[in-house]
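# return a 3D structure for these sequence lines:
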Amino acid sequence: MRCFFMGTPDFAVASLEALLAAGHTVCGVFTQPDKPVGRRRVLTAPPVKVCAQKHGVPVYQPEKMRDGSALAILREHQPDLIAVAAYGRILPREMLELPPLGCVNVHSSLLPRWRGAAPIHWAMMAGDAETGVTIMHMAEELDAGDIILQRSTPIGPEESVESLHDRLAEMGGELLVEALARLEDGTAPRIPQDAGRSCYAPMLSKALSPVDWTRPARAVHDQIRALSPWPCAETDLFRGVPTKLHRALLLPGRAEKAPGSVAGASKEGIDVVCGDGGLVRILELQESGKRRMTAEAWLAGHALPRG
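Model prediction:
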C-alpha cells in the first residue's frame, strides 16, 4: 500500500517503523517543525523526522495545515491511505477525504475513554487498571472516529509511565499494520464510539503538579508516577523548597498521623502519610535547581524529623 505518514514524538516512531517493515511504501512524512531543546535551546529534529531520514523517506514540516501548501504536497504524492500517530495537528476535511482508503489514527487509549493529547498519563493518573491502543477511521471531531481495531494491556500497580508508553507504542505499530491489511482486503469494520462514555485527556501542564496529601495514598502514588519525568508531581518537602517527586512506592498498612506528615525517613525512602492514612514512600526526588537523586542521597544532607 502507498501510505503517507504523519507523526512527531517517540510514540509515533514505532508505527512508522512497523509500516516500513511490513513492506508498505511510505511516500512521505509530515512532522512538526524542529524546536529548541534544553537550556542551550539547541534546535532539535522530532524523532519521526530522524527515523524517516534514516530510511530515506521524504520529510515535510508544514507550519500550517489550512493554507493549501500541505494539501498540495499530499496531492502530489497520491497516497492510498494516510496513517497518523501523535502528529499533534488537526487535519482539515480536504485531507481526510483525499486518500481512497481514508485516514487512520493510532491512539494510545481504549476509545472512547481518554480522547485527547495525553491519554497514557491520564489513564495512569486516574488509577485505571488497563489501557490500550485504538486504530480508528479519522473524523473531524477529535478522536471520535469509528473504531477499526483495539487491543488492551494491564497497567501494572508500580509501572512507570515510560514503560507503559513504550509498550503501547509497539502495540500501536503492530495493530496499525493489521488494520491496513483489513483495509486493503475490505474487511476493516466501522464500530461507532459511544460518545456518552468518552472522557478527555488534555495536554499536561504544571498546574497538575502540586501534591494534595489529603487525597488517598493510591491517588498520590498514581499522580507521582504519571507525571514523571515532566511536569512532575511537586511538594514543599523541606523548609518550603519546591521539590519534584520522580519515583514513589505505595506501602501497605496505615498510619495514625496527619496527612502530609513524615512517618519515617531512612535509606529505603521517605514515608509520607496521605488522607486515608495510607503511606507513600518517596524514592527519588529533585529539589528546585538541583539534580535528581535518591531519597537516601538526599537524606544524607538533610535532617528530616518524623512528623
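# quick one: the helices in the stretch 201-307 of the chain?
Assigned by DSSP state H, counting those that start in this stretch, the helices in the stretch 201-307 of the chain fall at 217-227, 295-299.
# now those in JSON lines, with distance to Gln32?
Placement of C-beta: from N, CA and C, glycine included. JSON lines is the format used below for the helices of the stretch 201-307 of the chain (distance: least, C-beta to C-beta, whole Å):
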{"stretch": "helix 217-227", "distance to Gln32": "23"}
{"stretch": "helix 295-299", "distance to Gln32": "37"}
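# nearest to Asn105, out of those?
Distance to Asn105, taken as C-beta to C-beta, is lowest for helix 217-227 among the helices of the stretch 201-307 of the chain, at 22.7 Å.
# coming back round to it: mind putting the helices of the stretch 201-307 of the chain in JSON lines, mean neighbour count and mean pLDDT included?
Formatted as JSON lines, the helices of the stretch 201-307 of the chain follow (neighbours: other C-beta atoms under 10 Å; pLDDT from 0 to 100):
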{"stretch": "helix 217-227", "mean neighbour count": "24", "mean pLDDT": "98"}
{"stretch": "helix 295-299", "mean neighbour count": "18", "mean pLDDT": "95"}
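# quick one: closest of these to Ala52.
Of these, nearest to Ala52 by C-beta to C-beta is helix 217-227, at 29.9 Å.
# other SSEs contacting the closest one?
Packing partners of helix 217-227 (3 or more C-beta pairs under 8 Å, 6 or more residues apart in numbering; DSSP states H and E): helix 119-125, helix 161-185, strand 233-238, strand 241-251, strand 279-287.
# looking at those, which is buried most?
Greatest average neighbour count among the helices and strands packed on helix 217-227 goes to helix 119-125 (a mean of 23), per mean count of other C-beta atoms under 10 Å.
# averaged pLDDT, it. What do you get?
Regarding helix 119-125, the rounded mean pLDDT is 98.
# following it, which helix or strand comes up?
strand 130-137 (DSSP states H and E).
# between helix 161-185 and that next one, find me the angle.
Relative orientation of strand 130-137 and helix 161-185, computed by axes from the mean of the first three to the mean of the last three C-alpha atoms, to 10 degrees: 30 degrees.
# of the helices and strands packed on helix 217-227, which is nearest Arg40?
Per C-beta to C-beta, nearest to Arg40 of those: strand 279-287, 19.9 Å.
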